[in-house]
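Enquirer: turn this into a model:
(3 chains)
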Amino acid sequence: MSDQEVLRIDHLSISFGGLKALDDLSFGIKDQEIFGLIGPNGAGKTTVFNCVTQFYRPDAGDVFLTVDQSRLHSRDRHLVDDLGQARLNLVGRPVHSIIRLGLVRTFQNVEVVKELSLLDNVLVGGHIDFKATMAEQIFRLPRARREEKTYRAKALSVLDFLGIGHLAGQLAGGQPYGVLKKLEMARTLMAEPRLIILDEPAAGLNDSETEDLAQTIRAIRDQYGCAVWLVEHDMRLVMNVCERICAISFGKFLALGTPSEIQSNKLVQEAYLGEQE
Amino acid sequence: MSTSTATRTASPLSLIVQPLRNAHVQFIVFGALLCLLPAIAKAGGMRNSTLSTLAFVLIYAIVALGLNLLLGYSGLISLGTAGFVGLGAYLAAYFQDDLKLGFWVALLAALVVPTFIGLLVGFVSLRVRSIYLAIASLCIAEILLKTFEQLDWFTHGTAGKQSKYPVVFGLQTDRATMFIIIVIALVLVMMLTYNTVHGQLGRALHAMRSSEVAAQAMGVNVLKYKLFAFSMATLYAGLGGALYLFFLRSSYPSTWNLFLSLNIIAMVVVGGLRSIFGTVAGAFVIFAVPELVLKKLPVIGDVAGLPYIFSGLLIVLVIMFFPTGLKGLADLARRPFQRLRANRSESGPPGPDPSDRVDPTGPETVLTAAEEVRPA
Amino acid sequence: MDLVLQPFLRSLETGSVYALAALGIIIVWRTSLVMHFAQGSMGMFAGTAVAFVFNRSGMPLWQAVLVGVAVAVALGFLVDFAIIRRLKRATAVGKEIITLGLIMVFLGLAPIVFGTDPMLLPRFIPSGDIKLGDANISYNGLLNILIGVVIAAGLFLLLQRTKLGLAVRATASNEPTARLMGIPTRSVTLLAWALAGVLGMLAAVMIAPTTTVTPTFMNTVQVSALFACVLGGFQTFYGPVVGAYLIAVVSNFLKLYVSSVWGDQLMYLIILVFLLFRPNGLFGKTYMQKV
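Expert: Down below sits the predicted model:
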């Protein structure tokens, strides 16, 4: 883990119909870090994700992502620093352009294409890699065929890495929940992201699957060298796998620190106890 | 698995069956069989009027394949199909007969202009709710219909535009050769449609249909793919219009009304969403069955509104009771055979492309959805 | 003749017809989230029933209209009861395509049930008009405007002030939650379809004297009503009503001052361009999708 930040959330605020969902929230995530965001129900955790990935447009504040030179659009090239990187503000960019910059997410209620095979689903995640134009694909011109072959192999290797390679040809519909969760992660890995956002990855998993998930998250970080940021209710998973944790409550920043620091933090304890009353 | 396949391919029957697994080979064989029809008609095995009816089935099948890309993959409805088909027909006539620019230029015009207009309409309406496309395309269809009635120099108004069989590659066509040209166009369209939905393009369309939100997160520009689906629908509509004109050699404004658009939707729904052969079968049911069967029924055969009721009721009944349409019916019929084959070879059959199979968790996701899909 | 006031008064007359049809569409949209494409053809069917009964039995027009109300309510009940409510798994798109299928069913049925001869339907008030400066408006025109305004206003009061209205609005905003809160959402939806039928029938009876009663005589009304909803936005009940009057006024003035042939088409183009700049309509708000 280096100390360089891959993502910086800066004074982020958003409100829905007068209700402040996020209130002047700031924190950063370091390169190759496993980072957790926790908070009682309704604290605004998923809203943070949605503001970062531009599904929601924040009312105020910025989201800076550190992007490699190779991923940059030519018009952003002038922002590159000595290390060959640029800090881009994501706010206002189209949702579908975010993945190109190296940031990709999963969803709370697994969103895979049931009618496609596991392999095809992973290939959806490689969408930005395909350079063949629509016409080339319709007429099956050489570049389209070549790309299909290359990325099919890549998708298979990702599935193998997550231990579900043997299911590659099967339809996603009807697969057990644990497999679908892994499929969603496989799909994010196709884009070789610098930061993966996991929205409640343990929801719906049993104890052994959750243990398996913790190992998978570490393996992903080690193998792909990316940062992983998760929002999670399962405290055991968060405390077990995260290196740093940020706690929020009612859209406000509470604390940031190592798992043990967070566990002993008075404000965090109050926020959670307050919820139980 | 490969060894068992190898032993089975040794039998002479498999030598024929194996290539038929390839979708493109299927389309070509289907086309080749259709090309026999004009000869059968010439030999007196079929009435010329029946051949004409079948030609219109194939033309509308091309149009319906375009709409199936739109409806089946993006859940978008177009109510302007007839307008675009009509525009294609009039453009073909104008460029061939008035400007005397020949078959190919006429065909090109019939492809390019409707697609361009479609792109404009799509761009305006697709940024809001999906249903806006239906209303905007209805808007453009009304404008086009009025144009067909009023723009005398272009369409010859309600008197109708007359045309003649085109000269293709220096060859004067007639009914039989035009039929074969239509078949070739259909087979090409089937192959291109297959390619469209079976590559990364198709996966992106699938992702968009399944969840727009997830597709966007994967980098799919949803507006671009919706526009693509709609422009394919208008492109095929334009092609259908040109072929219609070259085959019938006339066009009247009253043909291009809302009910043709609704009938095209019926073809897609009845045939089965996202199914290529199903769409062709749907076109046959919606267009040929009223012409060839219903009209000949005693008592009710003479009722004017019968084809409308037939199409309308089929739409309602299919969505209510059998949303996979004829495609689903074919899958049901094939299932016992597949089981039989699975029992015979120990390791199981290689099986068709997974996307050609029925989704086990629920047959459709555009017309119907599993109940638990609704998020809390 | 007053060349501004006169067409304006005429526009109010047709605007009322469009407004009633648009209200029918919007009330179904708000309760079932389905675009009711068959609103016009169901109105056509019930309206043709009125003309049929009126011409065949010689009963007074108002009695024939009561028969029309019964037919419209029956049709609305039938469609919801026999089709929409059984579509447990159908998506909004599936239901919309069903309403498209219903267009064809009613269009095919009308000549079978009521015969193929075009029929005429007289005005409620056969003659007499009021002078307003250089312009004039017939008593019947005034009545049409009154019917439109009163029904629109009545519906607003019903929706905003009564318990029934609350139930409709609750169903519109979130059907599953409303059901859990004990609101009989099935009855609300049933009522919405029946109400849409009656509104369509009224629109048909009001427009019929200006044309002949054929299976396609409601086409313009249906198209205008759909555009009125787009123009006014789908989030409010008053937006489409305003949109309906606006469409009638713009269309009339375009026909009078620009082109009698291309007036409607020009207006359709204007609506498309309008969508480019205000995609959610005059009174629509951008809504946020939950992720």
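Enquirer: by proximity to chain C, which residue of chain A wins?
Expert: Here chain A gets closest to chain C at one residue, residue A:55, 4.7 Å apart by C-beta to the nearest C-beta. To be clear about C-beta, it is placed using only N, CA and C from the backbone, and glycine gets the same treatment.
Enquirer: quick one, phi/psi of that residue?
Expert: phi -70, psi -30 (degrees, to the nearest 10).
Enquirer: so it touches residue B:212, yeah?
Expert: No. The pair residue A:55 / residue B:212 is not scored as a contact, 10.8 Å apart, by C-beta atoms under 8 Å.
Enquirer: now do the helices in the stretch 51-200 of chain C.
Expert: Counting by DSSP state H, counting those that start in this stretch, the segments of the stretch 51-200 of chain C that form helices are C:61-78, C:92-114, C:139-161, C:163-173, C:175-180, C:185-207.
Enquirer: so which of those gets nearest chain B?
Expert: Between the helices of the stretch 51-200 of chain C, helix C:92-114 lies closest to chain B; by C-beta to the nearest C-beta that is 3.1 Å.
Enquirer: in the closest one, which residues are buried?
Expert: C:92-111, C:114 (16 or more other C-beta atoms under 10 Å in any protein chain shown).
Enquirer: how far off centre is that helix?
Expert: In this view, helix C:92-114 has its centroid 16 Å away from the chain centroid, taken as C-alpha atoms, centre = their mean, to the nearest Å.
Enquirer: equivalent analysis for stretch A:116-130, please.
Expert: 17 Å.
Enquirer: contacting residues around it?
Expert: A:99-100, A:104, A:112-113, A:147, A:151-152, A:154-156, A:158-159, A:164, A:167-172, A:175, A:179, A:183, A:186-191, B:200, B:203-204, B:206-207, B:215, B:218-220, B:354-355 (C-beta atoms under 8 Å, 6 or more residues apart in numbering or on different chains).
Enquirer: touching chain A at all, the one helix or strand residue B:40 maps to?
Expert: Using DSSP states H and E, residue B:40 falls within helix B:23-42. No. Judged by C-beta under 8 Å from any C-beta of the partner chain, helix B:23-42 stays clear of chain A, getting no closer than 9.6 Å.
Enquirer: circling back: for chain A, find the nearest of the helices of the stretch 51-200 of chain C.
Expert: Among the helices of the stretch 51-200 of chain C, helix C:163-173 comes nearest to chain A, with 13.0 Å by C-beta to the nearest C-beta.
Enquirer: send the alpha carbons of the closest one over as PDB?
Expert: Extracted in PDB, the C-alpha atoms of helix C:163-173 (Å, rounded to 0.1, in the frame of the first residue of the first chain):
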ATOM      1  CA  LYS C 163     -60.600  10.200   0.600                       C
ATOM      2  CA  LEU C 164     -61.100   8.500  -2.800                       C
ATOM      3  CA  GLY C 165     -58.800  11.000  -4.300                       C
ATOM      4  CA  LEU C 166     -56.200  10.300  -1.600                       C
ATOM      5  CA  ALA C 167     -56.500   6.600  -2.400                       C
ATOM      6  CA  VAL C 168     -55.900   7.300  -6.100                       C
ATOM      7  CA  ARG C 169     -52.900   9.500  -5.400                       C
ATOM      8  CA  ALA C 170     -51.500   6.900  -3.000                       C
ATOM      9  CA  THR C 171     -51.900   4.200  -5.600                       C
ATOM     10  CA  ALA C 172     -50.300   6.400  -8.200                       C
ATOM     11  CA  SER C 173     -47.300   7.200  -6.100                       C
END
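Enquirer: count the residues that sit near residue 269.
Expert: You didn't pick a chain, so chain A it is. Per other C-beta atoms under 10 Å in any protein chain shown, the neighbour tally for residue A:269 reads 13.
Enquirer: switch to chain C, that's the one I care about
Expert: By other C-beta under 10 Å, neighbour count at residue C:269 equals 14.
Enquirer: any idea which element it lies in?
Expert: Here residue C:269, judged by DSSP H and E, is contained in helix C:263-277.
Enquirer: gap between that helix and the chain center?
Expert: 20 Å.
Enquirer: try stretch B:264-274
Expert: Distance, centroid of stretch B:264-274 to centroid of chain: 8 Å (C-alpha atoms, centre = their mean).
Enquirer: that stretch: which residues count as buried?
Expert: B:264, B:265, B:266, B:267, B:268, B:269, B:270, B:271, B:272, B:273, B:274.
Enquirer: and what of stretch C:261-275?
Expert: Residues of stretch C:261-275 classed as buried: C:262, C:263, C:264, C:265, C:266, C:267, C:268, C:271, C:272, C:274, C:275 (neighbour count, 16+ other C-beta under 10 Å).
Enquirer: still on that earlier bit, could I have the buried ones of the contacts of stretch A:116-130 as PyMOL selection syntax?
Expert: Buried subset of these, written as a PyMOL selection, criterion 16+ other C-beta under 10 Å:
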select buried, (chain A and resi 99+100+104+112+113+147+151+152+154+155+156+158+159+164+167+168+171+172+175+179+183+186+187+188+189+190+191) or (chain B and resi 200+203+204+206+207+215+218+219+220+354+355)
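Enquirer: sorry, back to before: restricted to helices, list the buried residues of stretch B:264-274.
Expert: B:264, B:265, B:266, B:267, B:268, B:269, B:270, B:271 (DSSP state H).
Enquirer: nearest spatial neighbour of the fifth one, skipping sequence neighbours?
Expert: By that I understand residue B:268. residue B:68 (4.7 Å; C-beta to C-beta, 6 or more residues apart in numbering or on different chains).
Enquirer: wasn't that neighbour part of a helix?
Expert: Yes. Counting by DSSP: H, G, I helix; E, B strand; the rest coil, one finds residue B:68 located in a helix.
Enquirer: stretch C:245-262: how far from the chain's middle?
Expert: 20 Å.
Enquirer: run through the buried residues of helix C:92-114 and flag the ones next to chain B.
Expert: For chain B, the contacts drawn from those by C-beta under 8 Å from any C-beta are C:92-94, C:96-98, C:100-111.
Enquirer: ok, residues contacting the helix holding residue C:269?
Expert: In contact with helix C:263-277 (C-beta under 8 Å, 6+ apart) are residues B:121, B:124-125, B:128, B:132, B:136, B:139-140, B:142-143, B:146-147, C:220, C:227, C:230-231, C:247, C:250-252, C:254-256, C:258-259.
Enquirer: quick check: phi and psi on residue A:231?
Expert: Torsion angles, degrees, to the nearest 10, at residue A:231: phi -100, psi 130.
Enquirer: got it, and residue A:34?
Expert: Dihedral angles for residue A:34 - degrees, to the nearest 10 - are phi -100, psi 110.
Enquirer: that one touches residue A:245, doesn't it?
Expert: No. Applying C-beta under 8 Å, one finds residue A:34 not in contact with residue A:245, separated by 9.8 Å.
Enquirer: for chain C, what's the longest helix?
Expert: Determined from DSSP H, the single longest helix within chain C is helix C:5-32.
Enquirer: buried stuff in that one?
Expert: C:6-32.
Enquirer: next step: the contacts of helix C:263-277 restricted to helices.
Expert: Mapping the contacts of helix C:263-277 onto helices (DSSP H) picks out B:121, B:124-125, B:132, B:136, B:139-140, B:142-143, B:146-147, C:220, C:227, C:230-231, C:247, C:250-252, C:254-256.
Enquirer: okay, now the residue in the stretch 151-300 of chain B positioned nearest to chain A: neighbour count?
Expert: Among all residues of the stretch 151-300 of chain B, residue B:214 sits closest to chain A, at 3.5 Å; criterion: C-beta to the nearest C-beta. Residue B:214 has 23 neighbours, counted by other C-beta under 10 Å.
Enquirer: how about residue C:7, what does it touch?
Expert: Applying C-beta under 8 Å, 6+ apart, the residues contacting residue C:7 are C:252, C:253, C:256.
Enquirer: so what's the first one up against?
Expert: Remark: with contacts taken as C-beta under 8 Å, 6+ apart, residue C:252 is in contact with C:7, C:8, C:10, C:11, C:14, C:263.
Enquirer: my read is residue A:54 is in a strand, agree?
Expert: No. Using three-state DSSP, the secondary structure at residue A:54 is coil, not a strand.
Enquirer: helix, strand, or coil at the closest residue to chain B within the stretch 51-200 of chain A?
Expert: Relative to chain B, the nearest point of the stretch 51-200 of chain A is residue A:111 (3.5 Å; C-beta to the nearest C-beta). Put simply, residue A:111 is coil when judged by three-state DSSP.
Enquirer: no more questions from me, cheers.
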